[in-house]
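Participant: turn this into a structure:
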Amino acid sequence: MTAWRDPEVAALQAAMAAFATPPDAPRPPWPERRMGIDAMGASVPPPESCLVEAMTLGGLPVEKIAPSNAVADRTLFYLHGGGYCVGGCASHRTLAARMAEAAQATAFVVDYRLAPEHPFPAAHDDALAAWRAVLELGRDPARTVIAGDSAGGGLSVALAVAARDAGLPLPAGLHLISPWVNLTNVSPAYPVKGATDFIITQQGIDEFASSYLGEGDRKNPKASPLFADFAGLPPMLIQVGSEEVLMSDSTQLAEAAGLARVDVTLRIWPDMIHIWPFFAMLSAGGRAIEESTAWIKARVG
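Facilitator: Now for the predicted structure:
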């Protein structure tokens, strides 16, 4: 087991190892895996200041999370992670609420359809439909940040590209946590960090990509936005851990967006793991939220 300098990460790794499926064992069915991530996310309740309201937007289930300190029309449009196959409002409610309370914003968490029951481009189409619906509510895009983690981070970039191409208003910024933007699952970080990353394995992420895309093109920009045209996209804040196989997704995204003259802030957090702000027990996650809050407030006023 990796020797971690952060004792909280070491404790998390030990806790997760106790429940991990052995590599040679049959993979649990999708419903079981979904219950697992939902239970993990719900193990810490959202802040008491946050009012959670279930609603429908664009024909999709959405949770509106309104902190008592929310500034009028300051909005966080959130797309959850989970490899396009697991996750949803239940798993990411607390993370989105913590971010919303810190940013004094109202969050909308989108429960987009999941693969393999609903393969590509279902998640992409749902994100665009929900974005249209939030705009129709009268939320000001100039005071809105689209945010997401892992697959939701990649989906956030793909959504911004789709909104630009459709002539829709763009948000004030994109906040991306450990974004998965290259579904070929080949990059310099995989061989270097494969032994360190206890959240993502090569086998696991290949299964997610296959379940979402099937035999489709892994470089399709709607699924792998690393290969999209970034011209005209809003500023990005990318946060990624140094100990994750998706680190190169972030560095390559930052470079590609920068070459397209997008304002990019890339923060590589040393000794951190994939989507570490998701884990409320990690104090570094709280510090990352503080960092992103300052960036969000600077974008939306």
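
Participant: Phe198: neighbouring residues, count only.
Facilitator: 20 (other C-beta atoms under 10 Å). C-betas here are computed from N, CA, C, even on glycine.

Participant: helix or strand for it, which one?
Facilitator: Using DSSP states H and E, Phe198 maps to neither a helix nor a strand.

Participant: how about Ala158?
Facilitator: helix 151-165.

Participant: other SSEs contacting that helix?
Facilitator: For helix 151-165, the elements it packs on are strand 75-79, helix 122-136, strand 144-149, strand 173-177, judged by 3 or more C-beta pairs under 8 Å, 6 or more residues apart in numbering; DSSP states H and E.

Participant: list the buried residues of the second one.
Facilitator: Judged by neighbour count using 16 or more other C-beta atoms under 10 Å, the buried positions of helix 122-136 are 122-131, 133-135.

Participant: nearest to Arg267, of those residues?
Facilitator: Closest approach to Arg267 among the buried residues of helix 122-136 (C-beta to C-beta): Ala127, at 24.1 Å.

Participant: isn't Pro121 right up against Lys222?
Facilitator: Yes - look at Pro121 against Lys222 with C-beta atoms under 8 Å: they come within range, at 5.7 Å.

Participant: where do the strands of the stretch 151-300 of the chain begin and end?
Facilitator: Listed in chain order, the strands found in the stretch 151-300 of the chain under DSSP state E, counting those that start in this stretch are 173-177, 236-241, 264-269.

Participant: residue contacts, Asp38?
Facilitator: Neighbouring residues of Asp38 by C-beta atoms under 8 Å, 6 or more residues apart in numbering: 87-88, 90-91.

Participant: check what pLDDT it gets.
Facilitator: Asp38 carries a pLDDT value of 97.

Participant: for it, helix, strand, or coil?
Facilitator: Put simply, Asp38 is helix when judged by DSSP: H, G, I helix; E, B strand; the rest coil.
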